[in-house]
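**Q** Whatever this is, show me its structure:
(one chain, ligands or ions: 2)
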Amino acid sequence: MNCIFCKIVNNDIPSYTIYEDEIVKVFLDVNPDSNGHMLIIPRQHVLDITEIESDAWNHILNITKNMKSLLEEKLKIDGLTLIQNNGMVQEVKHFHLHLKPYYKERQNLLPIEDIYNKLKEH
Ligand code: 5GP
Ligand code: ZN
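**A** Ligands and ions are numbered 1, 2, ... in the order given. Okay, the predicted model is just below:
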């Protein structure tokens, strides 16, 4: 199957991966709306909210909470918007949840590599 996110799961296409386990992968969006814009995807190829199983969705919820804490700690975000597109508004046909940080002060978009390094530093 010619799915770009399956290729990311299999490391056939590189990504700035923030977290991964046996169920999900979390990586930075290549075309971010704001600094720290990331995507959470199930490793298994499912299309959308109709196809995702409750266990995977629940796991994604827990990982979202962890990522929110990470963004607060490392990038000092002031808010976080979750978006999950379906149907005609879904460009990539592999389920994904967008985590889009919000900042009180206007921020210039930094190179993704810089954001990755900030999120990964101890
Ligand atoms: P949607 O399908 O919800 O409209 O959005 C798909 C998102 O995936 C977009 O925000 C786009 O920037 C992101 N995206 C598309 N291709 C790639 C890719 O190859 N790598 C990464 N990291 N993000 C991608
Ligand atoms: Zn896929």
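
**Q** can you give me the helices for this protein?
**A** For the chain, the helices defined by DSSP state H occupy 4-9, 54-75, 112-120.

**Q** Just the CA atoms of the shortest one, as CSV, please.
**A** As requested, C-alpha coordinates have been extracted for helix 4-9 and formatted as CSV (Å, rounded to 0.1, in the frame of the first residue of the first chain):
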residue,chain,number,x,y,z
ILE,A,4,3.1,7.8,3.5
PHE,A,5,2.4,7.3,7.2
CYS,A,6,2.9,3.6,6.9
LYS,A,7,6.2,4.4,5.4
ILE,A,8,7.0,6.7,8.4
VAL,A,9,6.0,3.8,10.8
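
**Q** helices or strands up against that helix?
**A** On a contact count with 3 or more CB pairs under 8 Å, 6 or more residues apart in numbering; DSSP states H and E, helix 4-9 meets strand 24-28, strand 38-42. Bear in mind the C-beta positions are built from the backbone N, C-alpha and C, glycine included.

**Q** do that again at 6 Å, thanks
**A** Helices and strands touching helix 4-9, by 3 or more CB pairs under 6 Å, 6 or more residues apart in numbering; DSSP states H and E: there are none.

**Q** residues touching the most centrally placed residue in the chain, list them.
**A** Nearest to the mean C-alpha position of the chain, by CA atoms, centre = their mean, lies Leu39 at 1.5 Å. Shown in contact with Leu39 (CB atoms under 6 Å, 6 or more residues apart in numbering): 29, 96.
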